[in-house]
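K.L.:
Turn this into a model:
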Amino acid sequence: MEMGYRIIIADDHPLFRNALHQAVELAIAGAQLLEVDSIDNLMRLLGDVDDVDLLLLDLKMPGASGFSGLALLRNQYPDLPVVVVSASEEPAVVQQAMRFGALGFIPKSAPMRTLVSALNTILEGEPWFPEGISLDDAPGDNIADRLASLTPQQFKVLTMLSEGMLNKQIAYELAVSEATIKAHVTAIFRKLNVKNRTQAVIALSQTE
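P.N.:
Numbering: from 1, shown residues only. From the prediction side, this is the model:
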């Protein structure tokens with residue numbers, strides 16, 4: 001493998017971060033490894049560094065519930081290659097990761113040899129998912145695509161709506177006018193094909 005890869009490991013469990021660290025070092029000589037333990041720290045890091053070649057993302061860590069972290073990343077960094085590393089191995093979970101644009105899905109139970117092999121495959125530009133799982137059986141018109149159509153600011157507004165904040169509170173937090181927030185909310189309803197706040201929040205909750 002060529003040198004110079006920059007890889008982020010996002011997981012709140014130090015032991016598993018260490019295991020991933022070892023797997024990456026076995027797969028790629030000389031990779032620059034960065035580690036974070038929450039979605040907030042991850043978004044801060046992505047704002048500070050350029051040219052990230054790969055993100056290894058745990059679905060469950062502070063700031064993320066279900067697929068909300070992956071949805072946020074796909075929304076704000078659509079070109080960033082993301083591989084989900086998760087303790088949840090059910091086919092439905094893997095399929096949802098596929099729908100949200102993950103380049104791969106590595107079960108946490110995978111032995112080191114499988115981890116290394118998966119990382120090699122992914123860094124060669126090929127997706128890697130557990131055998132026997134595809135999107136062929138999955139229903140279309142997925143919420144993942146609709147959420148991905150939101151702008152970063154709209155996604156932020158939707159997240160704040162899900163926390164129960166009012167338009168004027170969101171406007172204050174984002175330092176914009178209440179009219180601007182109303183316009184964002186209208187656009188969010190249209191893109192998600194919903195009629196009110198409750199339905200919009202339910203749509204976001206489907207990423208969990």
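K.L.:
Mind checking which residue lies nearest the centre of this structure?
P.N.:
Centroid check for the chain by C-alpha atoms, centre = their mean gives residue 70 as the closest residue, at 1.4 Å.
K.L.:
Angles on the backbone of the closest residue to that one other than its chain neighbours, please.
P.N.:
Among residues not flanking residue 70 along the chain, residue 100 sits closest, at 4.7 Å (C-beta to C-beta, 6 or more residues apart in numbering). (Glycine included, C-beta is placed from N, CA and C.) In this entry, residue 100 is assigned phi and psi values of phi -80, psi 10 (degrees, to the nearest 10).
K.L.:
next one: residue 81
P.N.:
Residue 81 has phi and psi values of phi -70, psi 120 when expressed as degrees, to the nearest 10.
K.L.:
just checking, next helix/strand downstream of the worst-scoring helix or strand of the chain on mean pLDDT?
P.N.:
When each helix and strand of the chain is scored by mean pLDDT, DSSP states H and E, helix 143-148 comes last, with a mean of 75. On the C-terminal side of helix 143-148, the nearest following helix or strand under DSSP states H and E is helix 152-162.
K.L.:
For that next one, list every residue counted as buried.
P.N.:
154-162 (16 or more other C-beta atoms under 10 Å).
K.L.:
wait, residue 100 sits on residue 146?
P.N.:
No: counting by C-beta atoms under 8 Å, residue 100 stays clear of residue 146, with 11.5 Å between them.
K.L.:
more crowded one of those two?
P.N.:
Remark: of residue 100 and residue 146, residue 100 carries more neighbours, 23 against 15, as counted by other C-beta atoms under 10 Å.
K.L.:
what's near enough to touch that one?
P.N.:
The contact partners of residue 100, by C-beta atoms under 8 Å, 6 or more residues apart in numbering, come to 67, 70-71, 74, 144, 148, 207.
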